[in-house]
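>>> My questions concern the predicted model and sequence given below.
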There are 2 protein chains.
Amino acid sequence: MFEVFFAHVSEKVTLTHEEQEKIKRFFSPKKLRKKQYLLQEGDVCKNMAFVESGLLRSYNVDDKGLEHMIQFAWEGWWITDTYSFLSGDAAAYNIDAIEDSELLLLTLPLFEEMLVQVPKMERYFRMLFQKNIISKERRLINSITYSAEDKYLDLVESRPELIQRIPQNLIASYLGITPETLSRIRKNILHKK
Amino acid sequence: MFEVFFAHVSEKVTLTHEEQEKIKRFFSPKKLRKKQYLLQEGDVCKNMAFVESGLLRSYNVDDKGLEHMIQFAWEGWWITDTYSFLSGDAAAYNIDAIEDSELLLLTLPLFEEMLVQVPKMERYFRMLFQKNIISKERRLINSITYSAEDKYLDLVESRPELIQRIPQNLIASYLGITPETLSRIRKNILHKK
DNA sequence: TATACCACTTGACATATATCAAGTCTCTTT
DNA sequence: AAAGAGACTTGATATATGTCAAGTGGTATA
């Protein structure tokens, strides 16, 4: 159950066997069936979730009922509502499973306790967050700078697995465009070739 | 010179006097006059910069020569091109001073050395990056979800100091809209009142 | 004091993208 | 095999925002 997780951690820091055993005790495993919620808007986000298998998404819902994708997370990714998790305020996001999934959950008190007991994990999370910042920044710039077509082309290039695995209507939402526009863009790109 | 910096650090972790003295040695102070560059697109970003006083901005420039604001940083903020700084690849951004500024610079080797010698700083940066993720995420959602007017209203509410201090054409760029559109939005908001 | 420059505004018009509505195709369920 | 649902496409039209061009007022500079 912890295979993917420790493989991921070991890319950033080297843990002893004892440290691994200690770390395991802070997590609760959880299975989620397709379409089940991990978090609903308005609730407090009690967990960070590491995805051992499957696929989840986080998104918010606007006044008109439209969904806006914030993140997709599959094997080897973390997903949470960072703000709600850390502040204890109500979540603005929903998180649910796109495919049946196996998760490792970590609450805030256990997260903090783990960082104290295994200081190497401070380093792991610092590095994890660095990468997160880089990718959020890239997405933000794309969103501000590019046309709908260029946003899509950049995604195709930078995240091809995402294009393969995620339905088109969710990709459209992730890019901040409508499914109709994305469909027309794809048609347009094919014509050009 | 380190007043603002240690005030900022002490919000997150408590340092001894010895630790403070040790930390100081990793930084190089630098003054920047208005309009001077800290980083130019294409160069490698050699530093993270902490702003002791003044105001800087990071931005990229698109094919048409238009600037797109990524971040503003004044007293108590960090600014860098995170990707270029960590990877050593060419920077996609420019960073320059909007006002005369005093900075504390930290190179990557010294950043890493500091984290080893003063492990509390791992914790400081982990927490700093957490906050950064939260604010980037909020901006991203706004960018994807909201109309130009709603983006501006959200900024007025969440970052009033920014509205005060930053020229309107740069705010427009930060929101991903044109200065003309922002001007009309502001007029429109006044009319409603 | 004159000059030039910059930030911002305003108007007319252009365009990318959204919206609404219908249609196709595939896959699942009965 | 039939029915229904879901994902995607396509067309007609609407709308928000961009583009281009001109004008105003303030402020720095010579």
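Yes, it's here. Residues are numbered from 1 along each chain as shown, chains lettered A, B, ... in the order given.
>>> okay, CA-based contacts and neighbour counts for the rest of this
Will do.
>>> hey, which helix is longest across chain A?
Longest helix in chain A, counting residues (DSSP state H): helix A:120-145.
>>> helices or strands up against that helix?
Judged by 3 or more C-alpha pairs under 8 Å, 6 or more residues apart in numbering or on different chains; DSSP states H and E, helix A:120-145 is in contact with helix A:108-117, strand B:67-74, helix B:82-87, helix B:120-145.
>>> Which residues in the first one does the neighbour count mark as buried?
Of the residues in helix A:108-117, those buried by neighbour count under the rule 16 or more other C-alpha atoms under 10 Å in any protein chain shown are A:Leu108, A:Leu110, A:Phe111, A:Met114, A:Leu115.
>>> got the contact list for that helix?
A:Ile23, A:Phe26, A:Phe27, A:Lys46, A:Asn47, A:Met48, A:Phe85, A:Leu86, A:Met121, A:Glu122 (C-alpha atoms under 8 Å, 6 or more residues apart in numbering or on different chains).
>>> next one: the second one
Counting by C-alpha under 8 Å, 6+ apart, strand B:67-74 makes contact with A:137, A:141, A:144-145, B:51-62, B:79, B:170-171, B:173-174, B:176, all of which sit outside it.
>>> change it to 6 Å
Strand B:67-74 is contacted by residues B:Val51, B:Gly54, B:Leu55, B:Leu56, B:Arg57, B:Ser58, B:Tyr59, B:Asn60, B:Val61, B:Ser173, B:Tyr174 when judged by C-alpha atoms under 6 Å, 6 or more residues apart in numbering or on different chains.
>>> who does it pair up with?
When pairing is defined by DSSP bridges, strand B:67-74 lines up against strand B:47-61 (antiparallel).
>>> Pull out the buried residues from the strand it pairs with.
B:47-60.
>>> quick revisit: closest to B:Val156 among the contacts of helix A:108-117?
When these are ranked by distance to B:Val156 (C-alpha to C-alpha), A:Leu86 comes first, at 24.1 Å.
>>> burial count for the closest one?
Counted with other C-alpha atoms under 10 Å in any protein chain shown, the neighbours of A:Leu86 add up to 18.
>>> Quickly list what A:Phe50 is bridged to.
Here A:Phe50, judged by DSSP bridges, has bridge partners A:Trp78, A:Leu104.
>>> about what we covered before: export the buried residues of helix A:108-117 to CSV and tack on distance to B:Gln40?
Formatted as CSV, the buried residues of helix A:108-117 follow (distance: C-alpha to C-alpha, whole Å):
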residue, distance to B:Gln40
A:Leu108, 40
A:Leu110, 43
A:Phe111, 39
A:Met114, 40
A:Leu115, 37
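>>> want to throw those into JSON lines with pLDDT?
Formatted as JSON lines, the buried residues of helix A:108-117 follow (pLDDT from 0 to 100):
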{"residue": "A:Leu108", "pLDDT": "98"}
{"residue": "A:Leu110", "pLDDT": "98"}
{"residue": "A:Phe111", "pLDDT": "98"}
{"residue": "A:Met114", "pLDDT": "98"}
{"residue": "A:Leu115", "pLDDT": "97"}
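>>> could I get these as CSV with distance to DNA strand C?
CSV is the format used below for the buried residues of helix A:108-117 (distance: C-alpha to the nearest atom of the strand, whole Å):
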residue, distance to DNA strand C
A:Leu108, 36
A:Leu110, 39
A:Phe111, 38
A:Met114, 42
A:Leu115, 42
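>>> now for these, which pair is the farthest apart?
Once C-alpha to C-alpha is applied, the buried residues of helix A:108-117 give A:Leu108 and A:Leu115 as the farthest pair, at 10.7 Å.
>>> Would you mind listing where chain A has pLDDT under the threshold?
Scanning chain A with the threshold set as pLDDT under 70 gives A:192-193.
>>> Go again with 80.
In the predicted model, chain A carries pLDDT under 80 at residues A:191-193.
>>> interface residues of it facing DNA strand C?
Within chain A, the positions near DNA strand C by C-alpha under 7 Å from any atom of the strand are A:Tyr146, A:Ser147, A:Ala148, A:Glu149, A:Gly176, A:Ile177, A:Thr178, A:Glu180, A:Thr181.
>>> what about 6 Å?
With C-alpha under 6 Å from any atom of the strand as the criterion, chain A meets DNA strand C at residues A:Ser147, A:Ala148, A:Glu149, A:Gly176, A:Ile177, A:Thr178, A:Glu180, A:Thr181.
>>> quick one: is the helix or strand where A:Leu153 lies near chain B?
For A:Leu153, the element it lies in under DSSP states H and E is helix A:148-158. No. Counting by C-alpha under 6 Å from any C-alpha of the partner chain, chain B has no neighbours in helix A:148-158; the shortest distance is 11.5 Å.
>>> hey, which of the helices and strands packed on helix A:120-145 is tucked in deepest?
When those are scored by mean count of other C-alpha atoms under 10 Å in any protein chain shown, the highest mean neighbour count falls to strand B:67-74 (a mean of 21).
>>> close to DNA strand D, is that strand?
No. Strand B:67-74 stays clear of DNA strand D (C-alpha under 6 Å from any atom of the strand), getting no nearer than 11.1 Å.
>>> got it, and stretch A:149-164?
No. Stretch A:149-164 lies apart from DNA strand D when judged by C-alpha under 6 Å from any atom of the strand; the minimum separation is 9.4 Å.
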